[in-house]
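> can you look at this prediction? I've put the sequence above it.
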Amino acid sequence: MKILEDRIRRDGVMVSEDILKVDSFLNHQMDVALFAEMGREWARLYAGDRVTKILTIEASGIGMACVAAEQFGCVPVVFAKKSKSRNVTGDMYTAKVESFTHGQVNDIIVSKKYLQPGDRVLIIDDFLANGAALQGLISLVEQAGATLVGAGIAVEKAFQPGGERIRAKGVRVESLAKIKSMGVGSIEFC
Ligand code: 5GP
């Protein structure tokens, strides 16, 4: 998606050879007009898939998921919470996710009330790197017996293995900007 790629070129900061900082427009300060364009694009890509719910993970995915939900007829947005395992009760679906940026393993949880077998779920997240976050969210959908329509990712770092791993499982992943390679001061999209 050209406007997202252009924005990453203009305002993205490569903090290392594998970490891109986009906190001026995506995951700290948020450009809502850009989110609306992204939501329109995911709605076009998943038109006809009868999405009934959007699932994301706190905190960075929440803003873009809410704006995208408007383009899907204001379907509910559920976000997985990051939790210490001792707080998890039987009312929750849970999965373990290793954080790409911090390295620590978190339990992610969603109340069983908010993911149901009849749901057709689109997962939305800001980044796809090794695929741990997305795999954890997919596991929550599977535990609920809901239908996974696919995933909408803002930025996929295609030089990392997550996208290939998840697509190999038959999951549809639509990434709006796919980075082929990056280094300090240079970025190439697929
Ligand atoms: P994965 O689980 O696919 O390895 O990583 C995805 C998660 O890690 C995303 O939810 C995002 O929060 C974070 N992440 C991965 N790569 C980057 C990056 O280059 N920049 C930022 N800001 N976050 C990232």
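It's in.

> hang on, L176 in a strand?
Yes. Assessed by DSSP: H, G, I helix; E, B strand; the rest coil, L176 belongs to a strand.

> that one against M38, yeah?
Yes. Using Cβ atoms under 8 Å, L176 is in contact with M38, at 5.7 Å. All C-beta spots, glycine's among them, are computed from the backbone N, C-alpha and C.

> any common contacting residues for the two?
Contact criterion Cβ atoms under 8 Å, 6 or more residues apart in numbering; residues shared by L176 and M38: 1, 4, 152, 154.

> ok, M38 to D125 distance?
Shown here: M38 relative to D125, a distance of 12 Å by Cβ to Cβ, to the nearest Å.

> residue contacts, the residue nearest the centre of the chain?
In the chain, the C-alpha nearest the mean C-alpha coordinate belongs to D125, at 1.4 Å (Cα atoms, centre = their mean). Contacts of D125 were listed using Cβ under 8 Å, 6+ apart, and they are 56-57, 60-61, 133-134, 137, 151-154.

> generate a PyMOL selection restricted to the buried subset of those.
The following PyMOL line selects those of the contacts of D125 that are buried, judged by 16 or more other Cβ atoms under 10 Å:
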select buried, resi 56+57+60+61+133+134+137+151+152+153+154
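
> ok so, going back, higher neighbour count, L176 and M38?
M38 (24 against 20; other Cβ atoms under 10 Å).

> was I right to think that one contacts A177?
No. In this structure, M38 is not within contact of A177 by Cβ under 8 Å, at 9.6 Å.

> so what's in contact with the two at the same time?
In contact with both M38 and A177: 1, 4, 154, using Cβ under 8 Å, 6+ apart.

> could you look up the SS state of the last one?
Three-state secondary structure (criterion: three-state DSSP) places A154 in strand.

> now it, nearest residue through space, not along the chain?
Excluding the flanking residues, the one nearest A154 by Cβ to Cβ, 6 or more residues apart in numbering is D126, at 4.9 Å.

> residues contacting the one you found?
Counting by Cβ under 8 Å, 6+ apart, D126 has contacts 22, 26-27, 60-61, 64, 153-155.

> what about it, which helix or strand?
Taking DSSP states H and E as the criterion, the element that holds D126 is strand 120-128.

> strand partners of that strand, parallel vs antiparallel please.
According to DSSP bridges, strand 120-128 has the following sheet partners: strand 53-57 (parallel), strand 147-157 (parallel).

> same question for the residue lying closest to the residue nearest to the centre of the chain once chain neighbours are set aside, what's its three-state structure.
Leaving aside its sequence neighbours, D125 sits nearest to G61 (Cβ to Cβ, 6+ apart; 4.7 Å). Classification of G61 using three-state DSSP returns helix.
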